[in-house]
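Asks: Pasted the sequence and its predicted model underneath.
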Amino acid sequence: MTTVPIVPAQAALTRLRDGNRRYAQNVRSVDSLLSHSRRDMTQQSPFAIVLGCSDSRAPAEIVFDQGLGDLFVIRVAGNVVAPSQVGSVEFAAERYGTRLVIVMGHTQCGAIAASIEALRDPQHARSYNQLSIVGRVLPAIEALAQTELANDPERLYRAAVRANVRASVNHLRHGSGVIEQLADNDGLLVVGCELDLTTGVVDFFDGVAEQPALELVP
């Protein structure tokens, strides 16, 4: 097991912010482009773990302008956390010394929309497997539907995306003895963020200091 971090969490977060800035401004790193032409990938040293949604519009390597081997990516609809996702994070953190874990939600998320629909129409027929995803989202968003947000579908949806990210972040922080120990003793950081599919900008809003808004160059 690796005990020395490859890249400290804050440095890794800076690399992700810088990469997303390039992506949002339609610029690509030469290093990331060159990595896609390499064929010797017998080793990997990911500096960040990204738990993201399976949505085809939200590939972490592209959104953060990183190359092959830079990110350990776990993708599941709704960026929900189940035992297999926790185990995957534990594996990468222990095996590769990766000390930054990102939970990335995104706008226009179908899993969130399906979960809101399930709140409004619980009798609607869904497969057992789809319900296993919706069922992990619902606890994070049920309370929102009891507020004034219920009268504003757009605000409800946006709040639900972020509430779901926060729930996944909390699950990772406190649902694993391995992750808790690494966070307490070895500098592991779990943060939440949201990708805006319209602009390409990732907003880190949970577990990090507030940063100035990304200004896009026309």
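Replies: Received, thanks. Numbering: from 1, shown residues only.
Asks: switch to C-alpha atoms for all contacts and neighbour counts from now on
Replies: Noted.
Asks: What mean pLDDT does the helix or strand harbouring Ile179 get?
Replies: Here Ile179 sits within helix 177-185, counting by DSSP states H and E. Helix 177-185 carries an average pLDDT of 97.
Asks: try stretch 65-78
Replies: The average pLDDT within stretch 65-78 is 96.
Asks: With just CA atoms, put it into PDB.
Replies: Output in PDB follows, covering the C-alpha atoms of stretch 65-78 (Å, rounded to 0.1, in the frame of the first residue of the first chain):
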ATOM      1  CA  ASP A  65      -8.200  18.500 -19.400                       C
ATOM      2  CA  GLN A  66      -6.200  15.600 -18.100                       C
ATOM      3  CA  GLY A  67      -4.300  12.800 -19.800                       C
ATOM      4  CA  LEU A  68      -4.500   9.000 -19.600                       C
ATOM      5  CA  GLY A  69      -3.400   7.800 -16.200                       C
ATOM      6  CA  ASP A  70      -4.000  11.200 -14.400                       C
ATOM      7  CA  LEU A  71      -7.500  10.500 -13.000                       C
ATOM      8  CA  PHE A  72      -9.100   7.400 -11.400                       C
ATOM      9  CA  VAL A  73     -12.600   7.800 -12.600                       C
ATOM     10  CA  ILE A  74     -15.700   6.000 -11.200                       C
ATOM     11  CA  ARG A  75     -18.900   6.700 -13.100                       C
ATOM     12  CA  VAL A  76     -22.500   5.800 -12.100                       C
ATOM     13  CA  ALA A  77     -25.800   7.400 -13.000                       C
ATOM     14  CA  GLY A  78     -26.500  10.100 -10.500                       C
END
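Asks: can you give me the helices in this protein?
Replies: Remark: helices assigned in the chain by DSSP state H are 9-24, 30-35, 60-63, 83-96, 110-120, 128-141, 153-174, 177-185.
Asks: Flag the shaky bits of the protein, pLDDT-wise.
Replies: The model of the chain has pLDDT under 70 over residues 1-5, 37-40, 125, 209-218.
Asks: Who are the contact partners of the nearest residue to Ser88 once chain neighbours are set aside?
Replies: Nearest residue to Ser88, sequence neighbours excluded (C-alpha to C-alpha, 6 or more residues apart in numbering): Ile74, at 7.5 Å. Contact partners of Ile74, counting by C-alpha atoms under 8 Å, 6 or more residues apart in numbering, are 49-52, 85, 88.
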